[in-house]
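Participant: Sequence first, predicted coordinates after that:
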Amino acid sequence: KQMNNLNVTFSSINKEAKETLKGNWSIAILVSLVFSMIYNAPNQIAINLNIPIALLFLIHLLTLFIAPIEVGLNRVFLDFSEQKNTNIDRLFYPFKTGRYARSLGAILLRSIYIGLLIMLFIIPGIMYLYSTALVPIMLADKKYDKLSASQLLKVSKLYMRGYRFKLFLIELRYVWYYGL
C-alpha cells in the first residue's frame with residue numbers, strides 16, 4: 001500500500017504491517033529466518049572456529065558479497081505490500097533476475113561511504129546510514145532500475161530527509177527483534 005501521508009504514527013505502522021502480513025505470517029517468518037541464517041553465517045563461522053583477526057577481514061568481505069540477499073528480503077516484503085503472491089525463492093531475487101551486480105555495487109558503495117564516515121566521525125556516519133536506508137528497498141523495486149548506484153544514494157537521502165530520526169525511533173522500538 002502506498003502511504004500518502006508520511007506523518008504516520010507507530011500504531012498506524014503496526015496496524016498496516018499486521019494487515020499486510022495477514023495470511024502471510026508463515027512465509028514472512030520463514031523468509032526472515034533463512035535470510036538471517038545466510039546473512040549471519042560467515043560471522044557465526046568465524047566466531048565458532050576462533051578464526052584469527054587477520055582472516056576476519058575476508059569473512060566480512062564474504063558478507064558483502066552475499067549482502068544483495070537483503071534486496072531479496074525487501075522484494076518479498078514489497079510483494080506483501082503490493083498484495084502479490086510470493087515465496088522463499090524471491091529471497092534470491094537479485095541473483096535470479098540479473099540484478100546481483102547492480103545490487104552489490106550499490107550496497108558496496110553505500111558500505112564504503114558509511115565506513116569512511118564512521119571512521120572519521122561517528123555521528124555523521126550513523127546519519128548517512130539512516131539517510132541511505134532506502135537503497136536496498138529501492139534496489140528491489142523495478143521503478144528504480146534506471147538509477148545508478150550513486151543516484152540511488154542521492155534519491156534515498158532526498159526521501160529520508162526529515163525521516164531519519166523517525167526511522168531510528170522505529171528501529172529502537174523493535175530492537176528486541178534484532179536480538180533474535
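Facilitator: The structure has been received and is ready for your questions.
Participant: packing partners for the helix or strand hosting residue 75?
Facilitator: Secondary-structure assignment from DSSP states H and E places residue 75 in helix 69-81. With contacts defined as 3 or more CB pairs under 8 Å, 6 or more residues apart in numbering; DSSP states H and E, helix 69-81 has these neighbours: helix 10-21, helix 25-48, helix 93-96, helix 100-120, helix 135-140. Using the backbone N, CA and C atoms, a C-beta is placed for each residue, glycine as well.
Participant: Based on its surroundings, how many neighbours for residue 110?
Facilitator: Neighbourhood size, residue 110 [other CB atoms under 10 Å]: 23.
Participant: Check the gap between it and residue 88 for me.
Facilitator: 26 Å (CB to CB, to the nearest Å).
Participant: Which residue is most remote from the mean position of the protein?
Facilitator: residue 52 (28.6 Å; CA atoms, centre = their mean).
Participant: Where does pLDDT dip in the chain?
Facilitator: For the chain, the stretches with pLDDT under 70 are 1-8, 54, 177-180.
Participant: for the closest residue in space to residue 79 that isn't next to it in sequence, what are its contacts?
Facilitator: Take residue 79 and drop its neighbours on the chain: the residue closest to it by CB to CB, 6 or more residues apart in numbering is residue 86, 3.7 Å away. Applying CB atoms under 8 Å, 6 or more residues apart in numbering, we find residue 86 in contact with 24, 27, 75, 76, 79, 80.
Participant: Make CSV out of these and add distance to residue 119.
Facilitator: Listed next are the contacts of residue 86 as CSV, based on distance: CB to CB, whole Å:
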residue, distance to residue 119
24, 40
27, 39
75, 32
76, 33
79, 37
80, 37
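Participant: What is the nearest of those to residue 39?
Facilitator: Taking CB to CB as the measure, residue 39 lies nearest residue 76 of the contacts of residue 86, at 13.8 Å.
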